[in-house]
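**Q** Here is the input, now give the coordinates:
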Amino acid sequence: MERYKELLDKLYKEVKKVEVSERFEIPKIEGMIEGSKTIVTNFSQICSTLRRKPEHVAKFLSRELAAQATIEAERLVLNRRLGSKMINDKIEAYANEFVICPECKKPDTELLKEGKFLFLHCLACGAKHSVRAKIV
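**A** Numbers count the residues shown, from 1 in each chain. Purely as a prediction, here's the structure:
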């Protein structure tokens, strides 16, 4: 039994420790304020990371931030002066509602529309959940 403990200790010393980190990270917004408008310059990168259509994300942000949103090439223009923290919080809320699976907490999902209802289908675990918010 003593030999077993020695071998086990030796093994623990030789094995590399693996750092657990979050693989899904939403990029923080980059942008500027021009007059009364807020411009998010890395909007297409954010949508690409979320794997969602820019129109869908823009519609959500427009509703949540009470500002008209228009997509111009790679950027999003919001007709209101907004702080980056507020926009980042709303993008995180979007990810929690429309991207991250409630079961396994992975972002490998897709949105499915069946009739009048929208579902979040997880490609990792196969779970299917209805989405509460009405954005089509």
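**Q** Extract the CA atoms of stretch 96-103 and return them as PDB.
**A** Written as PDB, here are the backbone C-alpha positions of stretch 96-103 (Å, rounded to 0.1, in the frame of the first residue of the first chain):
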ATOM      1  CA  ASN A  96     -27.900  34.300 -22.400                       C
ATOM      2  CA  GLU A  97     -31.300  34.300 -24.100                       C
ATOM      3  CA  PHE A  98     -30.500  33.400 -27.700                       C
ATOM      4  CA  VAL A  99     -27.100  31.700 -27.700                       C
ATOM      5  CA  ILE A 100     -26.100  29.800 -24.600                       C
ATOM      6  CA  CYS A 101     -27.900  26.500 -23.900                       C
ATOM      7  CA  PRO A 102     -29.700  26.400 -20.500                       C
ATOM      8  CA  GLU A 103     -28.900  22.700 -20.100                       C
END
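**Q** That stretch: which residues count as buried?
**A** Residues of stretch 96-103 classed as buried by neighbour count (16 or more other CB atoms under 10 Å): Phe98, Val99, Ile100, Cys101. The way it works is simple: take the backbone N, C-alpha and C, and place the C-beta from them, glycine included.
**Q** neighbouring contacts of it?
**A** Residues outside stretch 96-103 that contact it (CB atoms under 8 Å, 6 or more residues apart in numbering) are 24, 50-52, 56, 60, 106-109, 111, 120, 122, 124-125, 127, 129, 131-133, 135.
**Q** returning to that earlier point: mind checking which of the buried residues of stretch 96-103 are in helices?
**A** Of the buried residues of stretch 96-103, the ones assigned to helices by DSSP state H are Phe98.
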